[in-house]
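Novice: Generate a structure from the sequence data that follows.
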Amino acid sequence: MRGTIIKRSENSYRIKVSLGKDLTSGKYKAYFETVKGTKADSQRRLRELLTQLDKGIFIKPTKETLADYLNSWLKDYAKPNCAPRTFESYDMIVKLHLIPALGSIPLLSLQPQDIQKYYAKALDSGRRDGRGGLSALTVRKHHRVLFEALRYGVKHEVIARNVAEAVDPPRAQVKEMQVWNAHEIERFLEKAKSTPYYALFHLNLFSGLRRSEILGLKWADMDFMFGQLSVNRALHQLKDGRYVFRAPKTAKGKRKVSLTPLSLEVMQEYYKEQKQLHDTLEIPFPDDRLVFCHIEDGKPLRPNTITR
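Specialist: Residues are numbered from 1 along each chain as shown. Reported below is the predicted structural model:
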């Protein structure tokens, strides 16, 4: 018999399910589970277990909580496979939001309604400073992290299904992009001429590069003859202050970008100024030096400084 039910006491039944013969030892294995409730409850649970066995998705329950699982996922998957800044974001979401709200729930007992209730509460009062709720966009980020973590669990047969698939994250309101017109760009660049960042801002406006990509440029990436540059890396600063270079995640991200005639002229002039300044200060000016850096030691510029 594949499964049996034995009454242990009033409103307590023990289920036994045969798992077949162990290929190594040759002994028959069985799974036992106690159900608190009526006999109908135990029969319902037995059918669920047998259905899981038939579909090949049976997973033996453990005492592992969602907090235990998420911490393992961060360590074993997210940290080795994600960009440093992405991992920091995942780590913050998990440790400051998901674990405090849902972490005590046993992993295999997590239900869609648990997650749905968390999203509703986060929208209403999820800010850690106590000043109201989180935005729909932020809660959607929490959903994406939890969804990816649970999907990893399904792939590695830690859980039978991704319960986050049955949850509807809040809809984020799409804000209309506000862009500068030609006159505003001209005014900005005119003001920027009096700052050390004129060439950086000019290149940013007319190349479409991300901030991290511009700060990761080296002079070896600039091709003045053909009027183009190569995007080979991005620069990120971690919370502990360390700088890390990250190669583009996809072949499309590693690309060549054509410079406008004016941008080419600006960058050529910037190169001459930098070369002359280095010669005056008797500082080496190798091709692998960052285009935008601190001239004294070649260290990167802080990304947040550029934004400010």
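Novice: where along the protein do the strands fall?
Specialist: 3-9, 12-21, 28-36, 222-223, 228-231, 234-237, 243-246, 255-258 (DSSP state E).
Novice: Same list (those) but as a markdown table, adding distance to G216, mean pLDDT and mean neighbour count.
Specialist: Heads up, the C-betas are built off the backbone N, CA and C, glycines and all. Output for the strands of the chain, formatted as a markdown table (distance: least, CB to CB, whole Å; pLDDT from 0 to 100; neighbours: other CB atoms under 10 Å):
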| stretch | distance to G216 | mean pLDDT | mean neighbour count |
| --- | --- | --- | --- |
| strand 3-9 | 60 | 90 | 12 |
| strand 12-21 | 53 | 87 | 15 |
| strand 28-36 | 53 | 85 | 13 |
| strand 222-223 | 13 | 96 | 17 |
| strand 228-231 | 8 | 96 | 20 |
| strand 234-237 | 4 | 92 | 21 |
| strand 243-246 | 6 | 91 | 16 |
| strand 255-258 | 13 | 95 | 14 |
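Novice: which ones are touching N162?
Specialist: By CB atoms under 8 Å, 6 or more residues apart in numbering, N162 lies in contact with 147, 150-151, 153-154.
Novice: mind listing the helices for this protein?
Specialist: Per DSSP state H, the chain has helices spanning 39-55, 66-73, 79-81, 84-93, 99-102, 112-125, 136-155, 182-192, 198-207, 211-215, 261-281, 303-307. These are given in chain order.
Novice: L238 is nearest to which of those helices?
Specialist: Taking CB to CB as the measure, the helices of the chain were each checked against L238, and helix 84-93 came out nearest at 5.5 Å.
Novice: can you pull the pLDDT of the residue nearest to the spatial centre of the chain?
Specialist: Residue closest to the mean C-alpha point of the chain, counted by CA atoms, centre = their mean, is T86 at 4.2 Å. If you check T86, the pLDDT there is 90.
Novice: re earlier: what's the least confident stretch among the helices of the chain?
Specialist: Minimum mean pLDDT among those: helix 39-55, a mean of 86.
Novice: elements contacting that one?
Specialist: Contact partners of helix 39-55 among helices and strands, from 3 or more CB pairs under 8 Å, 6 or more residues apart in numbering; DSSP states H and E: strand 3-9, strand 12-21, strand 28-36.
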